[in-house]
Structures are given as C-alpha cells and as structure tokens.
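[1] Below: sequence and its predicted model.
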Amino acid sequence: MELFEMNKHGGGVEIAKGNPFHADVVRMLRDADEYYASLYPQESNHLIDVNELAKADTLFFVAQINDRVIGCAALVLSPDYGELKRMYVDPAYRGLGVAQDLLDTIVQASREGGLSCIRLETGYLQHSAIALYKKNSFVEIPPFGCYGIDPLSKFMQRDL
C-alpha cells in the first residue's frame with residue numbers, strides 16, 4: 001500500500017492510500033453494502049463499486065492495524081469539489097477515532113489538491129456519521145451533482 005501521510009492513532013492505526021481490490025476491503029465493502037441495504041431501499045443507496053474506487057479521479061484510503069484493513073474512505077475528485085464516498089469503519093473498531101482519522105486524511109488530501117470544498121451524501125439514519133460531519137464543520141446543502149431529492153438522504157458540504 002502506498003503511504004500517504006501516515007497517521008498513527010492510539011492502538012497503532014495507520015492511514016494510507018490503499019488498494020480497493022484488497023481482500024479485506026472487498027469484505028468490508030460487502031458488509032457495508034449489506035448493512036445499508038437493510039436500512040434503505042436500493043434507489044436510496046448511492047454507493048460506488050470497487051471499480052469506481054480504483055479510477056484515476058478517486059483517492060482511496062484505508063485504516064489498518066497490523067496490515068488488517070479496518071476502515072476506508074474515498075475522495076472522488078471533480079473540477080469544483082471532492083466528494084467523500086464509502087466512508088466505513090468495521091463495527092469491531094468503532095469508537096477508537098478511526099473515522100476521524102480517515103476524515104482528517106480526506107480533508108488534508110482535499111486541501112493539497114486545491115479543492116474548494118468537500119461534499120457528501122449520507123443516509124438520514126447514519127446518526128453517528130452525521131454527528132461526526134457536523135463536528136467537522138460540514139453543513140447541510142441541497143442535492144448536488146447527479147443526486148436528486150431523496151427524503152432518506154442528507155447532503156452536506158465543508159468549505160476548505
């Protein structure tokens with residue numbers, strides 16, 4: 001895995017650029033997909049697949065402990081903004097600050113890439129995620145890009 005700005009968090013968590021085809025990532029994304037499918041109808045799950053995560057316009061980061069992937073997040077680049085996608089932390093590792101470390105890395109990469117803001121779409125039932133985003137200066141916005149109005153979605157933005 002390519003080193004980005006490796007962050008160490010309590011417990012030896014490292015954040016680095018990662019391979020979306022890594023077996024741990026594929027397993028984790030499958031688990032995330034199943035979880036989201038249990039909460040929202042298919043038309044309200046705006047997930048990108050592993051092939052999209054590997055595209056040149058996407059920065060993909062993993063959180064890992066002892067080479068085991070425990071979380072991930074992607075930044076899809078567009079001319080006007082970056083979009084945070086596929087932020088997920090293995091439930092066994094939640095509450096350790098891993099999501100914050102991933103988000104800090106996304107913000108850093110966005111700034112280094114000269115982006116003016118980060119946008120995201122998340123489900124309205126993702127209370128912990130929404131609280132994390134609000135704590136990190138994200139505010140609610142109307143749908144953006146290819147998104148339409150969806151009462152099950154929250155759209156947010158952080159200006160950089």
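    That came in fine, so what should we check first?
[2] what's in contact with stretch 20-29?
    Applying C-beta atoms under 8 Å, 6 or more residues apart in numbering, the contact partners of stretch 20-29 are 1, 18-19, 50, 53-54, 60, 62, 68-72, 74, 86, 88, 90. To be clear about C-beta, it is placed using only N, CA and C from the backbone, and glycine gets the same treatment.
[3] Which among those count as buried?
    Neighbour counting by 16 or more other C-beta atoms under 10 Å classes 18-19, 50, 53, 60, 62, 69-72, 74, 86, 88, 90 among the contacts of stretch 20-29 as buried.
[4] In helices, which of these appear?
    Judged by DSSP state H, the subset of these located in helices is 50, 53.
[5] Closest one to residue 160 out of the buried ones among the contacts of stretch 20-29, please.
    Checking these against residue 160 with C-beta to C-beta, the nearest one is residue 74 at 17.3 Å.
[6] That closest one and residue 29: what is the separation?
    Using C-beta to C-beta, to the nearest Å, residue 74 is found at 10 Å from residue 29.
[7] helix or strand for residue 84, which one?
    Taking DSSP states H and E as the definition, residue 84 sits inside strand 82-89.
[8] The longest strand along the chain pairs with which strands, and in what direction?
    When the chain is parsed with DSSP state E, its longest strand is strand 68-77. Next to strand 68-77 in the sheet, as set by DSSP bridges, lie strand 58-65 (antiparallel), strand 82-89 (antiparallel).
[9] Residue 109 is nearest to which of the ones you listed?
    Proximity to residue 109 (C-beta to C-beta) singles out strand 58-65 among these, at 5.4 Å.
[10] which residues in this protein form strands?
    8-9, 13-17, 58-65, 68-77, 82-89, 117-123, 139-140, 153-159.
[11] Comparing those, which yields the minimum mean pLDDT?
    Lowest mean pLDDT of the strands of the chain: strand 8-9, a mean of 49.
[12] Show me what residue 158 is bridged to.
    Going by DSSP bridges, residue 158 forms beta bridges with residue 118.
[13] No more questions from me, cheers.
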